[in-house]
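Trainee: mind folding the following:
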Amino acid sequence: MCGINGIFGIEKIGSPDTVIGKMNDAIAHRGPDAAGVWKNDQLALGHRRLSIIDLSPAGNQPFISADGKTVIVFNGEIYNYRELKTQLGDFNFRTNSDTEVLLAAWFKWGKECVHRLDGMFAFAIWDNDKQELFIARDRMGVKPLYYSQSGNSFLFSSELRGLLASGLVDRALDEEALTDYLKYQTVHAPTTLLRNVKMLLPGSCMVVTDTEFSIYSYWDAASNTNYDSKGREYTEVVGEVRALLDASVKKRLIADVPFGAFLSGGIDSSAVVGLMAQHSSQPVKTFHISFGEKEFSEAEYARKVADRFSTNHTEILIHPDEFLRDLPAALNALDHPSGDGPNTWVVSRATKQAGVTMALSGIGGDELFAGYDVFRQLHGLSSKQWMQYFPMLLRRPAGSALMALRKGVRSDKLDEFLRLEYFELEYVYPLSRQVLKNKKTAALLGRKQLPVSAVKKILDAGIGSGTAGAGLPGLSRISYAEMYTYLQNVLLRDTDQMSMAHALEVREPFLDHQLISYVMGIRDSYKFPDRPKKLLVDAMGDLLPKAIWDRPKMGFTFPWKHWMKNELRDFCEERINYLSQSPYFNAKELTLLWNAFLNDDPRYPWSRIWHLVVLGHWMQKNAMN
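Mentor: Numbering: from 1, shown residues only. A predicted model of the protein is given here:
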C-alpha cells in the first residue's frame, strides 16, 4: 500500500523535480517507509512506500526494469502474485515483491495483464519504446486514482492533495459536482469537486501519449456476472459462497507485516474474523470502538466473537471529550469531503498504534448480501408500478398533504417518490441515498434547475434498459446500485483516506471480484427469503454465534445531534458561515437550514447538515475558489 504521483509533459514546467517532490510530500502519510522519484525528458514519477510485501529496499519505487526502458509506480496489493510468478518463470526476478511481478506480467501480456490480476491496485507504467503511459485501477475501485489535464501536462495522484500540491491544478469548484455533493454527501466518480480533476473509474484503464488520451473499461460487475448457481440446490449454493469467501479471506492474509481486523460485532466483520482465525497460526488481533452509552455500543457482541475465536481483542472506548479534541485532525485527513469517516479514522489510529500495519474489514457485506433496509424497501418495486398511472395532479397534492401532516425525512422522500414519472429502480433508487431534496438543494445553490442526478446516470449505464445489468435478479440490481454509488464513492473512499492517514492498509474480502460475480448471479429467493443476509449466515454455518445474527441491526454512530447543538456548535457555525460567504451558496437559505436543525425541525436532522459543515471545513482548509 502506497501513494503514487506522476506528471506527463514536463517540458514546459519549471523545475519538475521540485513539483513532483511537493506532490510526494503531500501524500507522505500514505507511505512513511520510503520515497522515490524518477524522471526523464517527458515524465516525472513519484512514490511513497508503505512496505507490506518484501520489506527490503529492493522493493522501493519507482521500480525500473533491468534494461531501464520501463518504469512502474504501484499502489495496492496483488494477492495472486505468487501464482503469477510461476507463470512468468522465464523472467529474471530480482526481488520478492508483487511490484516486480506486476511489471513482469506487463512484459508478457501487455495491457491484457489486468485481467489476470487479483487484488486492489492503481498503477502507472511508462513504456519508453512506445512512449506511452498506461494507467489502471482495480475492478471495484478500492484504490483511488485522480488525474488532471493542465495546459500541455497530464498529472495523476493517489489523492487530490497530491495534485493540489503541484501548483498546476486550478482550485475552482465544479458546480455540477457541488449539486451532487449536497444531494448525496459525496461526489460520484468520475467527477470530483474540483472542476479540472477527475477520477479514473473502477475497472478502467487509461492510455496517455503525446497524441492519445483514451479511457476504457475492462471489468464491470453486471457484465461479468457468473450464473453457475442457476438450477442448483440451496445447500450447494451455500457451499460455493462459503468456499469463495474463505478463499477471499485467505488470500488477503498474505503479508510480511503484523495484521489484524476491524470487529464491529455485526455479521460481516464477525464472518471475516472467524475465517481469519481458521487460517492464522497466531491469535487474530481484533479492534472495536464503542461508547460507554449502551445505546451506541455493540461492544458485548464484539466480545462474544473475540471469545469465540480467541482473538487478541482491543476495545477502544471513546470518550466524547477525547473524540471532539481529535475531530479537526480527522476532518483534515479527508482528502475529498464526505459526510462520513471519523469512526474509521479513530479505529485506524488505534490499530496502527497497536503495531498493526494491515487490517481486514467487513465492508461490502451489506451491499452484496442485501443487508440494508433499501433491499427490503425496493425489492417489491414492480408491485407498485400501478401507482404511475395515477395522474400527477393527484399524486402531487397527496405528497404535499403528507408532508404537512407528518413532517420528517420519511415524508419528504415519499413526496418526491410520488412526483416521479416512472417507478423503475433507476428512477426510485436515487431517492434512497439522497440527503437533501432537490428543491432544498436548488434553493441552497440559488438555482432554478438542477442537472440530472449522477446516481441516475450510473444506474442507466449499468442496469438500465438494454444493458447487461437489466437482466440481473432484482436484489442483484439493487446490489449493483449500492456498490457503484454509496460503496465506491463513500465507504471505500473514506476508508482509504482515513486508514492511510495513519499508514494503515485495509483489505476488504467481500469485494473479491470472483465472490461478487457469483453472488450477483444468485436468485432472489436464496438471498432474502425471510431475513437479511440469510445466505451469508447459512454459508458461515456454526462459525457465527447465533447472538451475532439473530438480533436487530445497529450500525455504529456518534451522538452528533447533541454535539452539534452544544460542544460543536461554534465549530459548525463557523464553517456554515464560510459557505455563506462563498459565491456558490445562498446565505439566507443556509441560515434557514441551520436554524431549522437547531429548532429540531424533523425534516432536517443532523445527518442533513453535517456534510455541509465538512464541506465548509474542506473548502476553508484548501482555499477553494
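Trainee: relative to residue 315, how far out is residue 298?
Mentor: Distance of residue 298 to residue 315, computed by C-beta to C-beta, to the nearest Å: 11 Å. Just so you know, the C-beta spots here come from the backbone N, C-alpha and C atoms, and that holds for glycine as well.
Trainee: could you find the closest non-adjacent residue to residue 461?
Mentor: residue 467 (6.9 Å; C-beta to C-beta, 6 or more residues apart in numbering).
Trainee: ramachandran angles for the one you found?
Mentor: phi -100, psi 170 (degrees, to the nearest 10).
Trainee: more neighbours, residue 298 and residue 315?
Mentor: With neighbours defined as other C-beta atoms under 10 Å, residue 298 and residue 315 compare such that residue 298 has more, 21 against 16.
Trainee: these two touch, right, that one and residue 290?
Mentor: Yes. Contact criterion C-beta atoms under 8 Å: residue 298 and residue 290 qualify, at 6.5 Å.
Trainee: tell me the domain ranges of the chain?
Mentor: Following automatic domain parsing, the chain resolves into domains at 2-217, 234-371+491-547, 377-479, 560-621.
Trainee: in CSV, list those domains along with mean pLDDT and distance to residue 223.
Mentor: Below are those laid out as CSV (pLDDT from 0 to 100; distance: least, C-beta to C-beta, whole Å):
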stretch, mean pLDDT, distance to residue 223
domain 2-217, 95, 9
domain 234-371+491-547, 92, 10
domain 377-479, 75, 4
domain 560-621, 94, 32
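Trainee: can I get those in CSV with distance to residue 226?
Mentor: Output for the domains of the chain, formatted as CSV (distance: least, C-beta to C-beta, whole Å):
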stretch, distance to residue 226
domain 2-217, 14
domain 234-371+491-547, 4
domain 377-479, 11
domain 560-621, 36
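Trainee: residue 227 is nearest to which of the ones you listed?
Mentor: domain 234-371+491-547 (4.1 Å; C-beta to C-beta).
Trainee: rewinding a little: need the overlap of contacts for residue 298 and residue 315.
Mentor: 288, 290 (C-beta atoms under 8 Å, 6 or more residues apart in numbering).
Trainee: what strand or helix carries residue 154?
Mentor: Taking DSSP states H and E as the criterion, residue 154 maps to strand 153-157.
Trainee: for that strand, list every residue counted as buried.
Mentor: 153-157 (16 or more other C-beta atoms under 10 Å).
Trainee: quick check, nearest of these to residue 457?
Mentor: residue 156 (23.6 Å).
Trainee: how close does residue 342 get to residue 79?
Mentor: Taken as C-beta to C-beta, the span from residue 342 to residue 79 is 29 Å.
Trainee: more crowded one of the two?
Mentor: Counted by other C-beta under 10 Å, residue 342 and residue 79 do not tie: residue 79 has more neighbours, with 23 against 20.
Trainee: and the closest residue to that one other than its chain neighbours, how far from residue 118?
Mentor: Excluding the flanking residues, the one nearest residue 79 by C-beta to C-beta, 6+ apart is residue 251, at 4.2 Å. From residue 251 across to residue 118, the span is 7 Å (C-beta to C-beta).
Trainee: what's the overlap in contacts for these two?
Mentor: 79-80, 512.
Trainee: and the closest residue to residue 574 other than its chain neighbours, how many neighbours does it have?
Mentor: The spatial neighbour of residue 574 that comes closest, neighbours along the chain excluded (C-beta to C-beta, 6+ apart), is residue 616 at 7.8 Å. Residues lying near residue 616 (other C-beta under 10 Å) number 24.
Trainee: where does residue 616 fall, phi/psi-wise?
Mentor: Note on residue 616: backbone dihedrals following degrees, to the nearest 10 are phi -60, psi -40.
Trainee: touching, it and residue 581? I think so.
Mentor: No. Using C-beta under 8 Å, residue 616 makes no contact with residue 581, being 9.7 Å away.
Trainee: look at the spatially most central residue of the chain and give its secondary structure.
Mentor: Taking C-alpha atoms, centre = their mean, the centroid of the chain lies closest to residue 492, which sits 1.7 Å from it. With DSSP: H, G, I helix; E, B strand; the rest coil as the basis, residue 492 sits in helix.
Trainee: can you list the strands that the strand holding residue 154 pairs with?
Mentor: strand 2-8 (antiparallel), strand 146-150 (antiparallel) (DSSP bridges).
Trainee: buried ones in the first one?
Mentor: Spelled out, it's strand 2-8. For strand 2-8, by 16+ other C-beta under 10 Å, it's 2-8.
Trainee: and the angle for the following helix or strand past that strand with strand 2-8?
Mentor: For strand 2-8, the following helix or strand on the C-terminal side (DSSP H and E) is helix 16-26. Interaxial angle, helix 16-26 versus strand 2-8 (axes from the mean of the first three to the mean of the last three C-alpha atoms, to 10 degrees): 150 degrees.
Trainee: next secondary structure after helix 16-26?
Mentor: Following helix 16-26 in sequence, per DSSP H and E, is strand 34-39.
Trainee: and that following strand, which residues are buried?
Mentor: So, applying 16+ other C-beta under 10 Å, buried residues of strand 34-39: 35-39.
Trainee: next: stretch 570-586.
Mentor: 571-573, 575-576, 578-580, 582, 584-586.
Trainee: same check, this time on stretch 155-174
Mentor: 155-166, 168-169, 173-174.
Trainee: for stretch 288-308, which outside residues touch it?
Mentor: 262-266, 269-270, 273-274, 286, 311, 313-320, 343, 346-347, 350, 545, 547-548, 551, 554, 556-559.
Trainee: in PyMOL, how would I select the buried members of these?
Mentor: Buried residues within those, by 16+ other C-beta under 10 Å, are selected in PyMOL with:
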select buried, resi 262+263+264+265+266+269+270+273+274+286+311+313+314+315+316+318+343+346+347+350+545+548+556+558
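Trainee: for residue 573, see how far away the residue nearest to residue 574 is.
Mentor: From residue 616 to residue 573 the distance is 10 Å (C-beta to C-beta).
Trainee: repeat that for residue 55.
Mentor: Relative to residue 573, and taking C-beta to C-beta, residue 55 is found at 48 Å.
Trainee: now do residue 70
Mentor: When residue 70 is compared with residue 573 (using C-beta to C-beta), they lie 54 Å apart.
Trainee: again with residue 525
Mentor: In terms of C-beta to C-beta, residue 525 sits 51 Å off from residue 573.
Trainee: likewise residue 509?
Mentor: Distance from residue 509 to residue 573, by C-beta to C-beta: 42 Å.
Trainee: and residue 426, that one's in a strand?
Mentor: No. Applying three-state DSSP, one finds residue 426 to be helix, outside a strand.
Trainee: tell me which helix or strand the residue nearest to it when sequence neighbours are not counted sits in.
Mentor: Using C-beta to C-beta, 6+ apart and skipping residues adjacent in sequence, the residue nearest residue 426 is residue 459, 4.3 Å away. Assessed by DSSP H and E, residue 459 sits inside helix 454-463.
Trainee: contacts for that helix?
Mentor: 180, 184, 187-188, 191, 220, 222, 425-427, 429-430, 433, 467, 469-470, 472, 477, 480-481, 484-485.
Trainee: can I get the buried part of these as one ChimeraX selection?
Mentor: In ChimeraX, this line selects whichever of those come out buried by 16+ other C-beta under 10 Å:
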select :180,184,187,188,191,220,222,425,426,427,429,430,433,467,469,472,477,480,481,484,485
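Trainee: so who does residue 336 touch?
Mentor: With C-beta under 8 Å, 6+ apart, residue 336 has these contacts: 160, 187, 192-193, 493, 497, 618.
Trainee: just these now: which is nearest residue 142?
Mentor: Distances from residue 142 to the contacts of residue 336, taken by C-beta to C-beta, are shortest for residue 493, at 9.9 Å.
Trainee: ok, that closest one to residue 185 distance?
Mentor: Taken as C-beta to C-beta, the span from residue 493 to residue 185 is 11 Å.
Trainee: what do those two both touch?
Mentor: Common neighbours of residue 493 and residue 185 (C-beta under 8 Å, 6+ apart) are residue 338.
Trainee: show me how far stretch 80-96 is from its chain's centre.
Mentor: 30 Å (C-alpha atoms, centre = their mean, to the nearest Å).
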